[in-house]
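In: Would you be able to build a 3D model of this:
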Amino acid sequence: MRVLVIEDEHKIANSVKKGLEQENYSVDVAYTGTDGYDLAVSEEYDVIILDRLLPGVEGVAIVTRLRSENIHTPILFLTAKGQIKDRVEGLNAGADDYLSKPFAFTELLARVRALIRRPIKSVGSKLSVEDLTLDTVTFDVQRVGKKINLSNKEFSLLEYLMRHPNKIMKKEQIINHVWSYDANVLLNTVEVYIKHLRDKIDKGFDKKLIHTIRGFGYRIGK
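Out: Numbers count the residues shown, from 1 in each chain. The predicted structure follows:
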């Protein structure tokens, strides 16, 4: 999953980035509202973490612009502790949730996970496609009860595919959601990781779950 953090306090932004990357998220950071807005409209993200007070374009204005352009990426709004007016303005502008500063990273992580879960049909933190299950909290992956060990990037790729079961995902979409903006990932890198996943997810099982759709991309499920 891919997250955009728009926060001008470098220490907070870099700490959030490091924590989320340890949880297998790909994270881009913008330190000004202008740069953050540009990334939000030009790239695809699963969640945006947005500070209220920013140089360039402030947080409420960013939310308003994104929603007016029909960009409905879930937004977690960061506000100063006790500033009810700021929280109300952010939510009224179209933000999905808010978190007051200072905050515990564990709470931020829980809220990010909740926002990511909203559009999909899942039970708690578990995703499933036929006999394959993935837990986004414990990082446990099993097929027919057999535990499967994945690298961080393999897990992120599988999670992205499982959040879009039975849909064809283009290589460009996969790169945009699984790798960071500045990663310079080539299309054949996706092919390599898909092969790694197939070796662990499909090899030795009766039915293949990961399918190549020639000229289009990849699909997990039927």
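
In: CA atoms for contacts and neighbours, from now on please.
Out: Will do.

In: Could you chop this structure up by domain?
Out: Domain assignment of the chain by automatic domain parsing yields the ranges 2-117, 126-220.

In: can you list those in JSON lines and add mean neighbour count?
Out: Formatted as JSON lines, those follow (neighbours: other C-alpha atoms under 10 Å):
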{"stretch": "domain 2-117", "mean neighbour count": "18"}
{"stretch": "domain 126-220", "mean neighbour count": "16"}
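
In: now those in CSV, with mean pLDDT?
Out: Converted to CSV, the domains of the chain look like this (pLDDT from 0 to 100):
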stretch, mean pLDDT
domain 2-117, 91
domain 126-220, 91
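
In: partner residues bridging the closest residue in space to residue 171 that isn't next to it in sequence?
Out: Of all residues not flanking residue 171 in the chain, residue 217 sits nearest, at 5.7 Å (C-alpha to C-alpha, 6 or more residues apart in numbering). Here residue 217 shows beta-bridge partners residue 170, residue 213, assigned using DSSP bridges.

In: can you pull the contacts of residue 217?
Out: 168-171 (C-alpha atoms under 8 Å, 6 or more residues apart in numbering).

In: which one of those is nearest residue 77?
Out: Distance to residue 77 across the contacts of residue 217 (C-alpha to C-alpha) is lowest for residue 169, with 29.1 Å.

In: Now do the closest one against residue 78, distance only.
Out: Distance check for residue 169 against residue 78: by C-alpha to C-alpha, to the nearest Å, it reads 32 Å.

In: how far out from the middle of the chain is the strand or helix carrying residue 109?
Out: Assigned by DSSP states H and E, residue 109 belongs to helix 105-117. Chain-centre distance of helix 105-117: 11 Å, with C-alpha atoms, centre = their mean, to the nearest Å.

In: just so I have it, where are all the strands in this structure?
Out: Counting by DSSP state E, the chain has these strands, from start to end: 2-6, 26-30, 47-51, 75-80, 97-101, 126-129, 132-135, 141-143, 146-147, 169-170, 210-213, 217-220.

In: Take those strands and write them to JSON lines, including distance to residue 19.
Out: Listed next are the strands of the chain as JSON lines, based on distance: least, C-alpha to C-alpha, whole Å:
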{"stretch": "strand 2-6", "distance to residue 19": "12"}
{"stretch": "strand 26-30", "distance to residue 19": "10"}
{"stretch": "strand 47-51", "distance to residue 19": "13"}
{"stretch": "strand 75-80", "distance to residue 19": "16"}
{"stretch": "strand 97-101", "distance to residue 19": "16"}
{"stretch": "strand 126-129", "distance to residue 19": "21"}
{"stretch": "strand 132-135", "distance to residue 19": "18"}
{"stretch": "strand 141-143", "distance to residue 19": "21"}
{"stretch": "strand 146-147", "distance to residue 19": "26"}
{"stretch": "strand 169-170", "distance to residue 19": "27"}
{"stretch": "strand 210-213", "distance to residue 19": "30"}
{"stretch": "strand 217-220", "distance to residue 19": "29"}
